[in-house]
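>>> sequence and predicted structure are below.
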Amino acid sequence: GAGVSQSPSNKVTEKGKDVELRCDPISGHTALYWYRQSLGQGLEFLIYFQGNSAPDKSGLPSDRFSAERTGGSVSTLTIQRTQQEDSAVYLCASSLAGGSSYEQYFGPGTRLTVT
Amino acid sequence: ILNVEQSPQSLHVQEGDSTNFTCSFPSSNFYALHWYRWETAKSPEALFVMTLNGDEKKKGRISATLNTKEGYSYLYIKGSQPEDSATYLCAFSGGYNKLIFGAGTRLAVHP
């Protein structure tokens, strides 16, 4: 079956511009996560959606970052006024249900480069 | 601040060698421990999710053990093959929904 998909796969943007990253989770998965990996760093949690519950935004690094999940499926991560330190690989993952006892299925990521 | 440490940072072995690496995590408020394999240019792939102290999981030549009381997990690869070359990530959950990932162990298996 179809896995998690993300678009675009690569994005180069100028400092100060806004970007939108998209994630299509596996159909039927109720939980969706966004992570990022900056150069030389481990995967860093950004935000978590579970069903209709309020998202856990505790990992968002600044108020320039926001995310939404429409209709319990597709999610968009928006970064406003991008900075060079936002350059990273942004990964989306989904799991069958919420709770960390479920394995997460990752998308291929979006490589964001801010020049 | 919750810290997940993985060692070694990188490892080079010859084809056929067996190897193991370590994930250390907080021993309090344990909920789950995940292992993922991340090959270059691919998505991270789940290997194991472990939730009980003493858990041992096995998938082919790869196995993992869990000690929640002392806060560590070992991942073992028996008879390494070049296709095992990847970064192996562990991730800890302390009862919340988010996972705290370690920086990974980068394994290179040479023919």
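Perfect, thanks for sending it.
>>> find the nearest non-adjacent residue to residue 34, please.
All of this is about chain A. In space, and not counting its chain neighbours, A:W34 is closest to A:L46: 4.2 Å by C-beta to C-beta, 6 or more residues apart in numbering or on different chains. To be clear about C-beta, it is placed using only N, CA and C from the backbone, and glycine gets the same treatment.
>>> you looked at the wrong chain, it should be chain B
B:A91 (4.3 Å).
>>> contacts only, for residue 38.
Assuming you mean chain A. A:E44, A:E85, A:S87, A:A88 (C-beta atoms under 8 Å, 6 or more residues apart in numbering or on different chains).
>>> wrong one, I was asking about chain B
Contacts of B:W38 by C-beta under 8 Å, 6+ apart are B:P44, B:E45, B:A86, B:T87, B:Y88, B:L89, B:G104.
>>> name the nearest of the residues you listed relative to chain A.
B:P44 (4.5 Å; C-beta to the nearest C-beta).
>>> lowest average confidence, helix or strand, in the chain?
No chain was given, so I picked chain A. Taking mean pLDDT, DSSP states H and E as the measure, chain A has strand A:44-50 as its least confident helix or strand, at a mean of 93.
>>> to clarify, I was referring to chain B.
strand B:100-101 (a mean of 92).
>>> could you list every helix and strand that that one packs against?
strand A:44-50, strand B:86-93 (3 or more C-beta pairs under 8 Å, 6 or more residues apart in numbering or on different chains; DSSP states H and E).
>>> can you say which of those is nearest to A:E68?
Of all the helices and strands packed on strand B:100-101, strand A:44-50 sits nearest to A:E68, with 8.7 Å by C-beta to C-beta.
>>> can you dump the C-alpha atoms of the closest one in PDB for me?
Taking C-alpha atoms only, strand A:44-50 is exported to PDB below (Å, rounded to 0.1, in the frame of the first residue of the first chain):
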ATOM      1  CA  GLU A  44      14.000  16.700  16.600                       C
ATOM      2  CA  PHE A  45      10.300  16.500  17.400                       C
ATOM      3  CA  LEU A  46       8.300  19.500  16.200                       C
ATOM      4  CA  ILE A  47       4.500  18.800  16.400                       C
ATOM      5  CA  TYR A  48       2.100  15.900  16.900                       C
ATOM      6  CA  PHE A  49      -1.500  15.500  15.700                       C
ATOM      7  CA  GLN A  50      -3.900  12.800  17.000                       C
END
